[in-house]
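Trainee: Give me a model of this one.
(one chain, ligands or ions: 1)
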Amino acid sequence: MAGLGGDDLGFVPTMGAFHAGHIALMEEARKHHQIACVSLFVNPLQFGPTEDLAKYPRDETRDFALADRAGMDIMFCPTTDEVYPRESTTVHVPVLTDRLEGKTRPGHFDGVATIVAKLFNIVRPKTAYFGWKDLQQCLVIRRMVADLNMNVELSFHETVREPDGLAMSSRNVYLSPEERSLAPLLYKALTDLAEQLRKSSETFNGMIEQATRELTKVGFEIDYLELVSMRDLHPTPTTEDAAIVVAAKLGKTRLIDNFRLNSKP
Ligand code: PAF
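Mentor: Reported below is the predicted structural model:
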């Protein structure tokens, strides 16, 4: 069955509200493929009942202009009824979804895996592009593609940051000016911890506790701040194939970020 654009299509799945991170992924897709496609679909299945589905930032006109400028041939914007005409079959990726975002946001990754599987089947990309900002999402999608023998290459790209280090995210618009000025401290904590780890891993738990205390003092509500293995996202004592991951609320906004150690592509 044909997809949206022939054999050599590069695909960037998104929920819109484009920022420089999305544009960088679109530019990669543009550079490497005959046809470049971006999808824009705010996927209700990945939002919990108390989350921000209704107020998730939406600006299709602006997004369309940005996608056009980034050289996209196709902007795929299905409606919710088209994507989910009835209660959907879902995809569940085990183990990798048990902790971190999966624990705080039950069902979130079933929603992500389901929509990404559906989009892959509709669009039929050669390669799909994702940002490491959502590290757990990248690992979940990689596992789904392997476990379900999906015929798509995955290409993961570095997090694009504001000049002060804050990871680009569509949700950054929720931050008040004061919160916005504090938000870069999250990445600063990650880079400081990574630097300390390079020197010695022995006192790392103490360093995590201290970073947690300092972030809490300035107003962050830490959900997790951990060194985890990239294989299963469980805590690890070594830096081999590991990442420091963090999620914290600042006011009403939930921020996530990570720092991959000894990172492989
Ligand atoms: O990262 C996102 O924007 C979404 O989770 C994705 C991958 C487009 C699925 O809705």
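Trainee: Please make it C-alpha for all contacts and neighbour counts, starting now.
Mentor: Noted.
Trainee: Do stretch 63-75 and the ligand come into contact?
Mentor: No - for stretch 63-75, no contact with the ligand is found by C-alpha under 6 Å from any ligand atom; the gap never falls below 13.1 Å.
Trainee: Can you point out the buried residues in that stretch?
Mentor: Within stretch 63-75, the residues scored as buried using 16 or more other C-alpha atoms under 10 Å are 63-64, 66-67, 70-75.
Trainee: what's next to it, contact-wise?
Mentor: 16-18, 23, 26-27, 30, 35-40 (C-alpha atoms under 8 Å, 6 or more residues apart in numbering).
Trainee: go with 6 Å
Mentor: 18, 36-39 (C-alpha atoms under 6 Å, 6 or more residues apart in numbering).
Trainee: Now for the closest residue to the ligand within the chain, how many residues are close by?
Mentor: Using C-alpha to the nearest ligand atom, the single residue of the chain nearest to the ligand is Thr14, 3.6 Å away. When neighbours are defined as other C-alpha atoms under 10 Å, Thr14 has 19 of them.
Trainee: For it, list the residues it contacts.
Mentor: 39-40.
Trainee: Relative to Val91, how far out is it?
Mentor: 18 Å (C-alpha to C-alpha, to the nearest Å).
Trainee: again with Leu182
Mentor: In this view, Leu182 and Val91 are 37 Å apart by C-alpha to C-alpha.
Trainee: picking up where we left off before, bridge partners for the residue of the chain closest to the ligand, pull those for me.
Mentor: Beta-bridge pairing for Thr14 (DSSP bridges): Leu40.
Trainee: next one: Val246
Mentor: For Val246, the beta-bridge partners are Leu225, Asp257 (DSSP bridges).
Trainee: What are the buried residues along the stretch of helix or strand Asn205 belongs to?
Mentor: Here Asn205 is covered by helix 204-217, with elements defined by DSSP states H and E. By 16+ other C-alpha under 10 Å, the buried positions in helix 204-217 come out as 204, 207-208, 211-212, 215.
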